[in-house]
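From the sequence below, what's the structure:
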Amino acid sequence: METNNPTRKQQALAELKQRTKIIAILFCASILVVAIFFLFKEPPVDNSASREPDGVLNGHCYVDLGLSIKWAEANVGAEADTLVGDYFAWGEIDAKEHYDEDNYTYIGHKQHSIERKRKHDAATNGFGRGWRMPTKDEVTELVDKCSWELETTEGRCGYRVTGPNGNSIFIPADNASEDAVPMVTLWSSYSVDGDSTSAYAIQVADTMRRVVATPAYRGLQVRAVTR
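Numbers count the residues shown, from 1 in each chain. So this is what the prediction gives:
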């Protein structure tokens with residue numbers, strides 16, 4: 001009888017130990033690979049970094065989008081960018097409960113622009129010297145040169161507007177209804193030539209982005225700009 005040869009039981013035990021050792025090595029290796037992956041993985045893009053204001057004027061923050069003008073971080077009358085703020089008829093500086101032709105006080109105006117006119121520019125009146133409503137060219141620039149992505153921030157639906165330099169502002173939608181297509185409307189400071197009843201405004205809804213003549217008595221958002 002050969003006593004030096006291992007029995008089948010001993011062989012099975014040795015093979016089990018070997019397999020266990022291999023499994024342990026593979027397990028440790030997989031843990032190491034996962035650890036290395038997360039260690040060297042590039043962090044996700046934090047859009048909040050591009051949302052930081054570039055400056056403050058009269059207590060109101062502004063963002064440089066890489067355009068010809070800097071845009072306020074929030075609407076006139078809003079304490080945060082996720083809030084709509086106040087609505088204004090074109091050329092009026094006071095918010096109202098409702099907006100129609102009967103209560104429009106600036107009807108029949110003769111001014112082509114209300115830019116920086118404190119009695120008619122809601123941005124200058126609300127934010128102070130150095131702030132104003134954007135011109136027609138400046139709102140057109142915001143529409144044409146920026147990307148508009150539908151976004152929900154802090155429970156508020158609106159559009160993330162990203163400029164050529166990667167910085168962005170959030171503009172909340174006018175309508176909060178879940179069934180309606182989120183829409184943004186913003187006044188410019190310019191009226192329509194030869195028409196004292198209309199002014200130019202941004203109108204964005206889904207894939208529609210345009211600057212369009214709008215009845216001046218309507219209540220729209222105002223986003224201030226500065227140099």
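
thinking residue 200 is in contact with residue 212, fair?
Yes. Using C-beta atoms under 8 Å as the test, residue 200 is close enough to residue 212 to be in contact (7.2 Å). Bear in mind the C-beta positions are built from the backbone N, C-alpha and C, glycine included.

which residues does residue 201 contact?
The neighbourhood of residue 201, defined by C-beta atoms under 8 Å, 6 or more residues apart in numbering, consists of 90, 139, 185-188, 211-212, 214, 220.

Quick check: longest helix in this protein by residues?
Looking across the chain with DSSP state H, the single longest helix is helix 8-40.

Run the chain-centre distance for stretch 204-211.
From the chain centre to the centre of stretch 204-211 is a distance of 15 Å (C-alpha atoms, centre = their mean, to the nearest Å).

what does it contact?
For stretch 204-211, the surrounding residues in contact (C-beta under 8 Å, 6+ apart) are 136, 139-140, 143, 148, 150, 159, 171, 181-185, 188, 200-203.

What segments of the protein are helices?
8-40, 122-127, 136-145.

tell me the mean pLDDT over the first one?
This predicted structure assigns helix 8-40 an average pLDDT of 71.

chain center to it, what's the gap?
49 Å.

Repeat that for the shortest one.
Here helix 122-127 is found 21 Å from its chain centre; the criterion is C-alpha atoms, centre = their mean.

The last one now?
Taking C-alpha atoms, centre = their mean, one finds the center of helix 136-145 at 16 Å from the center of the full chain.

Buried ones in it, by neighbour count?
Using 16 or more other C-beta atoms under 10 Å as the test for burial, helix 136-145 gives 136, 138-143.

before we move on, what about the longest one?
Neighbour counts over helix 8-40 (16+ other C-beta under 10 Å) mark no residue as buried.

what packs against it?
Under the contact definition 3 or more C-beta pairs under 8 Å, 6 or more residues apart in numbering; DSSP states H and E, helix 8-40 sits against no other helix or strand.

The last one too?
Here helix 136-145 touches strand 183-192, strand 195-205, strand 208-215, going by 3+ C-beta pairs under 8 Å, 6+ apart.

among the ones you listed, which is the most enclosed?
Highest mean neighbour count of the helices and strands packed on helix 136-145: strand 183-192, a mean of 23 (counted as mean count of other C-beta atoms under 10 Å).

ok and it relative to strand 208-215, angle-wise?
Interaxial angle, strand 183-192 versus strand 208-215 (axes from the mean of the first three to the mean of the last three C-alpha atoms, to 10 degrees): 50 degrees.

hey, C-alpha coordinates of strand 183-192 in PDB?
Extracted in PDB, the C-alpha atoms of strand 183-192 (Å, rounded to 0.1, in the frame of the first residue of the first chain):
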ATOM      1  CA  MET A 183     -43.500  79.200 -22.100                       C
ATOM      2  CA  VAL A 184     -41.100  82.100 -21.400                       C
ATOM      3  CA  THR A 185     -42.000  85.600 -22.400                       C
ATOM      4  CA  LEU A 186     -39.600  88.600 -21.900                       C
ATOM      5  CA  TRP A 187     -40.000  92.200 -22.900                       C
ATOM      6  CA  SER A 188     -37.500  94.200 -24.800                       C
ATOM      7  CA  SER A 189     -37.300  98.000 -24.400                       C
ATOM      8  CA  TYR A 190     -38.200  98.600 -28.100                       C
ATOM      9  CA  SER A 191     -41.700  99.100 -29.500                       C
ATOM     10  CA  VAL A 192     -42.700  98.200 -33.100                       C
END
